[in-house]
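Participant: Output the structure for:
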Amino acid sequence: GGGVLAHPAARHGLPVGERLREFRGYVAGFDPRTRNPSWVVEHVSRRSAKGPGDRQRSQFKEDRVIPARFRSSLGAFRGSGFDRGHLAPATNHRRSQRAMDDTFSLSNISPQVGEGFNRDYWARFERFCQGVARAAAGGEAWVVTGPLFLPERGGATGWRGG
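Facilitator: Presented below is the predicted three-dimensional model:
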């Protein structure tokens with residue numbers, strides 16, 4: 001209760017300007033212009049990474065709190081060539097099935113190149129953050145992640161996207 005500003009992550013300050021979404025274990029700043037999270041701040045601890053949460057029982061889902069024309073859709077990923085990349089990884093939120101399920105909201109998902117990134121570098125980054133939390137005083141850490149939109153050559157200016 002108490003809303004996003006009562007969430008423990010807010011004690012560190014939160015960026016402004018996006019739609020804030022509160023979930024078990026993390027808060028997301030969602031940008032309706034890109035239909036992507038701009039950032040996610042999550043609490044990672046020894047306790048949050050252990051428990052009955054099973055990703056095989058979770059399904060990706062649209063965030064129905066965000067109006068349909070502004071939210072990411074399941075159909076947008078079909079045939080796109082991109083993985084649905086978790087910013088707050090499911091493996092960090094095993095303490096309950098509901099916490100695990102929260103990570104499958106598309107408000108926590110950004111398109112990621114699969115082979116070579118989501119399943120490789122990003123997976124290593126997730127393990128690194130888990131190691132930091134285990135080694136930290138108190139066995140916990142706050143982790144902030146976000147997407148990076150890189151421009152491509154082309155268009156009238158010589159660049160597009162980004």
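Participant: buried stuff in stretch 13-29?
Facilitator: L14, E18, R19, L20, R21, E22, F23, G25, Y26, V27, A28, G29 (16 or more other C-beta atoms under 10 Å). Backbone N, C-alpha and C define where each C-beta goes, glycine included.
Participant: Next up, identify which helix or strand H43 is on.
Facilitator: Assigned by DSSP states H and E, H43 belongs to strand 36-45.
Participant: Could you give the separation of that strand from the chain centroid?
Facilitator: Mean C-alpha position of strand 36-45 versus that of the full chain (C-alpha atoms, centre = their mean, to the nearest Å) differs by 5 Å.
Participant: helices or strands next to the helix of greatest length in the chain in the packing?
Facilitator: Criterion DSSP state H: the longest helix present in the chain is helix 122-135. Here helix 122-135 touches strand 36-45, strand 140-145, going by 3 or more C-beta pairs under 8 Å, 6 or more residues apart in numbering; DSSP states H and E.
Participant: To S110, which of the ones you listed lies closest?
Facilitator: strand 36-45 (5.2 Å; C-beta to C-beta).
Participant: hmm, back to that, how about the helices and strands packed on helix 122-135 in a markdown table, adding distance to D120 and mean neighbour count?
Facilitator: Formatted as a markdown table, those follow (distance: least, C-beta to C-beta, whole Å; neighbours: other C-beta atoms under 10 Å):
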| stretch | distance to D120 | mean neighbour count |
| --- | --- | --- |
| strand 36-45 | 20 | 22 |
| strand 140-145 | 16 | 18 |
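Participant: right, and those strands - which one's nearest R95?
Facilitator: So among the helices and strands packed on helix 122-135, strand 36-45 is nearest, using C-beta to C-beta, at 8.7 Å.
Participant: could you dump the longest helix of the chain to CSV, C-alpha only?
Facilitator: C-alpha atoms of helix 122-135 as CSV (Å, rounded to 0.1, in the frame of the first residue of the first chain):
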residue,chain,number,x,y,z
TRP,A,122,22.8,-9.8,-20.6
ALA,A,123,22.6,-13.2,-18.8
ARG,A,124,26.2,-12.7,-17.6
PHE,A,125,25.2,-9.2,-16.3
GLU,A,126,22.3,-10.7,-14.4
ARG,A,127,24.6,-13.3,-12.8
PHE,A,128,27.0,-10.5,-11.9
CYS,A,129,24.3,-8.4,-10.2
GLN,A,130,23.2,-11.5,-8.2
GLY,A,131,26.8,-12.0,-7.1
VAL,A,132,27.1,-8.4,-6.0
ALA,A,133,23.9,-8.8,-3.9
ARG,A,134,25.3,-12.0,-2.3
ALA,A,135,28.6,-10.4,-1.5
